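> I need the structure of the sequence given here:
(one chain, ligands or ions: 2)
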Amino acid sequence: MGARASAPTTSLDLDVRRLPGVGDESAKLLERMGLRTIGDLLWHLPTRYLDFSRFQPVKRLMPDREQTTEAIVGRVTERRTARGQQLTEMELIDPIDGLPAGVKASWFGRQFIKDRLREGQLIRLSGKAQWFGRTLQLSNPKVEPADAEAVHTGRLVPIYRLTEGLKEGNLRRWLHTAVEGGPKRTPVVGEVPEMLSRDTRARRELLPIGEALKEVHFPSSDAALQEGRRRLAFDEMLTLQLGLAQRRLRWQRDARAPVLRAADADVETWLAALPFTLTGSQQEAFGRIREDLARSIPMSRLLEGDVGSGKTVVAALAARIAVASGAQAALMAPTELLAEQHHRTISSLWAGGGPSIGLLTSSVPAAQRRDLLGRLASGELDVVVGTHALVVESVEFKKLGLAVIDEQHRFGVRQRTTLREKGTDPHLLLTTATPIPRTLTQTLYRDLDLSEIDELPHGRQAITTHLRTPAQLPKVWEGMRLAVEKGQQAFVVCPRIEPEPTADELPSAVATERELRAGPLKGLRIALLHGRMPAKDRDDVMRRFSAAELDVLVATTVVEVGIDIPNATVMVVLGADRFGLAQLHQLRGRVGRGTERAYCVLVSDAMESARLAAMTELGPDGKALDGFELARRDLEIRGPGQFLGDEQHGLSELRLVDLADIDPRLYRETAAEADAILAVDPTLDRPDNALLAAAVEALWRRHGLA
Ligand code: ADP
Ligand code: MG
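Ligands and ions are numbered 1, 2, ... in the order given. A predicted model of the protein is given here:
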């Protein structure tokens, strides 16, 4: 945090070794978990709790259940077992009547028990009781003097993430010291700076930060724990909300983009020249984009549309508007293959005298590339198509008016920021066919406007999906042969490139292609396509497949996103259980783009897979589940990780907010507070907001977004 350097030193900044009981060895272990200061330690929050909150009278202990009880130490004996382990046994006296309770406690290898606990002392024990013959016995229970503050027993006991060699009890004890009384003998939690105003806290009925931390580490009750967590989650969510809202505000206030317009008559001409009419939602989305481009506030729009809904043409139209206004446009794709395809598609759309367009991928020869970069810098070239990284990193534009980031189903904040730092503030259009569950979109894309293409072009056939086992493959290949005889094309997708001598027997593209060519698909025009092939060969294969000079493409997931071959009608996915739902949906979306009936075969031994079942399930409309529904299922099955890119990944590690399942109340309240705070202090410059500003900065920095 920026504010820290000048702030007076608090116990929070002190080395963990300043805590009683933490020596060099322990400090080294803590360091391994990134915990250097007492403050770090304090923010090492429990991952879960054991409920030892209810005391069970020692005479009423029940077998096979975790319980806490109080008892007086009776006779303690030590002996060696047949296996040579040291066994400590303790008779327990009922504190209520002072008589033996008929219950024993026993520990293996715990010499210190005898040294630490004296006969007659009142102790508290937590653990599971079990019958040994006719005696009920607590085996290896946690134990401590009953007059001591209950650290290990007696309530909700926190469980922490550990590292090898670090003992749970030690970590808990250090934390207890930190929470209750640190090196200065006053509770360290009392020194945690409060970043919320009194008003906010009162309005939202939130605990003070110190109290919240204390309750989260050592809950005084279940309800108090919930309140503690609510407070911490509030801070985290508010920080995120502030960051996003601020970014948007700043953007709208400071950034100036070129005003891009085209005459209606020109747009009519472009539309008339398309080989099809736009669908209603394509028109609507394009209409919105036109309005956005005509303003000097830079557009930040996410264009969502299911696989095959026709986003490319909308993006190409937007690029044309930019060029018509004397600006340039960049279209960025996630893979070379896709960049090549877009380049091909758009070039042919504009063949009758459209803007000039160039392709920039890593496989473009150096000389050609230099030439292309030169023409972009001079403004001679109108549009560049390339991979995300290349365009963002290496291109200088004369006047970049519009940047389209295709298949940007990841956060993309970093790319957006880098682009904007190029001295220009281009309008931004992000497209994605991986529908992001709405709860996630709401939060992560709060700084974007949304357009949805929610219909497929006319005349699309439903794609049927079949599940087959590897044993049924001969029939599958027969079907493929029939489709090819009708002049159609097919994909076979494998989970790996080359055969590997591991036991999992995953089908590889290389081996599958060889086998199909020699056997079941003999005589058909088959080619191989995968990411390790030289880009030139890949491009060549794609070109031949596009031109229908090939019948069957045996590929890896390089064809997953965006590839558009309307004549392809059969998609066979081998080892289908290896793919995520979003991936399978994308793969299936490679076929059924034309007017012929298409089908998809998922081949797997794992017939009971929930994902495969979801792929064959039909919705209430009798059609396969759409991308949104599948994304929702995927979120349920696999969690939010796959929706989060590199940059978002950090966000998936938010400590208290579950992005996959944001509490609506928390969302509403933090959004309202963020807006209220920024309404008064849009830049968070006021001294009373310094801590909030630092928190936003820290969150952003932690996720590499600063
Ligand atoms: P995606 O949204 O998945 O990126 P594409 O932009 O690749 O989809 O478009 C899928 C296919 O649909 C392409 O072959 C494209 O030419 C075609 N297409 C797009 N819009 C229409 C339309 N309105 N009518 C008919 N075909 C269309
Ligand atoms: Mg696309």
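
> make it CA atoms for all contacts and neighbour counts henceforth
Fine.

> burial of residue 689, as a residue count?
Using other CA atoms under 10 Å as the criterion, residue 689 is surrounded by 18 other residues.

> quick one: contacts for it?
Taking CA atoms under 8 Å, 6 or more residues apart in numbering as the contact definition, residue 689 lies against residue 195.

> would you list the phi and psi of it?
Geometry field for residue 689 lists phi and psi as phi -100, psi 10, criterion degrees, to the nearest 10.

> which stretches in the stretch 101-250 of the chain count as strands?
In the stretch 101-250 of the chain, the segments counted as strands under DSSP state E, counting those that start in this stretch are 122-132, 135-139, 142-145, 156-159.

> can you list the buried residues in stretch 604-619?
Taking 16 or more other CA atoms under 10 Å as the basis for neighbour counts, the residues of stretch 604-619 that come out buried are 604, 605, 607, 611, 612, 614, 615, 616.

> can you redo the strands of the stretch 101-250 of the chain as TSV with mean pLDDT, mean neighbour count and distance to ligand 1?
Putting the strands of the stretch 101-250 of the chain into TSV (pLDDT from 0 to 100; neighbours: other CA atoms under 10 Å; distance: least, CA to the nearest ligand atom, whole Å) gives the following:
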stretch	mean pLDDT	mean neighbour count	distance to ligand 1
strand 122-132	88	20	57
strand 135-139	91	20	61
strand 142-145	84	20	59
strand 156-159	76	20	46
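
> one step back: from the buried residues of stretch 604-619, which land in strands?
Within the buried residues of stretch 604-619, membership in strands is found for no residue, as judged by DSSP state E.

> list the helices and strands the helix or strand residue 602 falls within packs on?
Using DSSP states H and E, the secondary-structure element containing residue 602 is strand 598-603. In terms of contact count using 3 or more CA pairs under 8 Å, 6 or more residues apart in numbering; DSSP states H and E, strand 598-603 is assigned the packing partners strand 463-468, strand 568-573.

> list the contacts of the residue of the stretch 51-200 of the chain found nearest ligand 1.
Residue nearest to ligand 1 within the stretch 51-200 of the chain (CA to the nearest ligand atom): residue 161, separated by 42.7 Å. Contact criterion CA under 8 Å, 6+ apart gives 46, 47 as the residues in contact with residue 161.

> separation between it and residue 35?
As defined by CA to CA, to the nearest Å, residue 161 lies at a distance of 12 Å from residue 35.

> equivalent analysis for residue 285, please.
In this structure, residue 285 and residue 35 are 49 Å apart, going by CA to CA.

> residue 361 too?
Remark: distance between residue 361 and residue 35 (CA to CA) = 43 Å.

> also residue 425?
Distance of residue 425 to residue 35, computed by CA to CA: 40 Å.

> between the two, which is the more surrounded one?
It is residue 425, of residue 425 and residue 35, that has more neighbours when counted by other CA under 10 Å, with 26 against 19.

> where's the more buried one relative to ligand 1, distance?
25 Å (CA to the nearest ligand atom, to the nearest Å).

> checking that residue next. Helix, strand or coil?
Remark: residue 425 carries the secondary structure label coil [criterion: DSSP: H, G, I helix; E, B strand; the rest coil].

> got the contact list for it?
Residues in contact with residue 425 (CA under 8 Å, 6+ apart) are 255, 256, 257, 258, 298, 400, 401, 419.

> one more time with 10 Å
By CA atoms under 10 Å, 6 or more residues apart in numbering, the contact list for residue 425 reads 251, 254-258, 296-299, 399-403, 416-417, 419.

> quick one: pLDDT of it?
At residue 425, the predicted lDDT confidence score is 81.

> cool, the one 10 residues further on as well?
Reported pLDDT at residue 435 in the predicted model: 61.

> may I see the buried residues of the longest helix anywhere in the chain?
Scanning the chain for the helix with the most residues, using DSSP state H, yields helix 222-254. Of the residues in helix 222-254, those with enough neighbours to count as buried (16+ other CA under 10 Å) are 224-225, 227-246, 249, 251.

> for residue 467, what are its contacts?
Contacts for residue 467 (CA under 10 Å, 6+ apart) come out as 573, 576, 600-607, 612-613, 615-616.

> could those residues go into CSV alongside distance to ligand 1?
Formatted as CSV, the entries for the contacts of residue 467 read as follows, by distance: CA to the nearest ligand atom, whole Å:
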residue, distance to ligand 1
573, 19
576, 21
600, 17
601, 20
602, 20
603, 24
604, 26
605, 29
606, 29
607, 28
612, 22
613, 23
615, 18
616, 20
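
> isn't there a helix covering residue 318?
Yes: when three-state DSSP is applied, residue 318 is found to be in a helix.

> ok, it to residue 263 distance?
Residue 318 sits 13 Å away from residue 263, taking CA to CA as the criterion.

> between those two, which one's more packed in?
Residue environment comparison for residue 318 versus residue 263 gives the larger neighbour count to residue 318, 25 against 10, counting by other CA under 10 Å.

> quick check, that one in contact with residue 299.
No: between residue 318 and residue 299 there is no contact under CA atoms under 10 Å: 11.5 Å.

> any residues in contact with both of those two?
Counting by CA under 10 Å, 6+ apart, the contacts common to residue 318 and residue 299 are 289, 290, 293, 402, 403, 429.

> report the secondary structure state of the last one.
What it means is residue 429. On the three-state scheme (three-state DSSP), residue 429 is labelled strand.

> what about the residue of the stretch 401-550 of the chain found nearest ligand 1, helix or strand, and which?
In the stretch 401-550 of the chain, no residue comes nearer to ligand 1 than residue 457, which is 4.3 Å away by CA to the nearest ligand atom. Following DSSP H and E, one finds residue 457 outside all helices and strands.

> now do the phi/psi pair for it.
As for residue 457, its main-chain torsions (degrees, to the nearest 10) stand at phi -50, psi 150.

> that one contacts residue 283, correct?
No: counting by CA under 10 Å, residue 457 sits too far from residue 283 to count as a contact (11.7 Å).

> which residue of the chain lies farthest from its centroid?
The C-alpha centroid of the chain is most remote from residue 99, which lies 58.3 Å away (CA atoms, centre = their mean).

> which ones are touching it?
Contacts were defined as CA under 10 Å, 6+ apart; by that measure residue 99 touches 72, 74, 92, 93.

> helix/strand/coil for residue 359?
For residue 359, the secondary structure call by three-state DSSP comes out as strand.

> which SS state does the closest residue to residue 285 other than its chain neighbours fall under?
Counting by CA to CA, 6 or more residues apart in numbering, the nearest residue to residue 285 once its immediate chain neighbours are dropped is residue 451, at 5.9 Å. Of the three states, residue 451 takes strand under three-state DSSP.

> distance of residue 451 from residue 429?
Distance, residue 451 to residue 429, by CA to CA: 10 Å.

> now residue 590. Its backbone dihedrals?
Per degrees, to the nearest 10, the backbone of residue 590 is at phi -70, psi -20.

> could we number from 14 for the rest of this?
Yes, from this point I'll number from 14; that puts the last item at residue 603.

> residues contacting the closest residue to residue 23 other than its chain neighbours?
Nearest non-adjacent residue to residue 23, counting by CA to CA, 6+ apart: residue 204, 6.8 Å away. Taking CA under 10 Å, 6+ apart as the contact definition, residue 204 lies against 23, 24, 25, 52, 222, 223.

> just among those residues, which is most surrounded?
Neighbours were tallied for each of these (criterion: other CA under 10 Å), and the maximum of 24 neighbours falls on residue 24.
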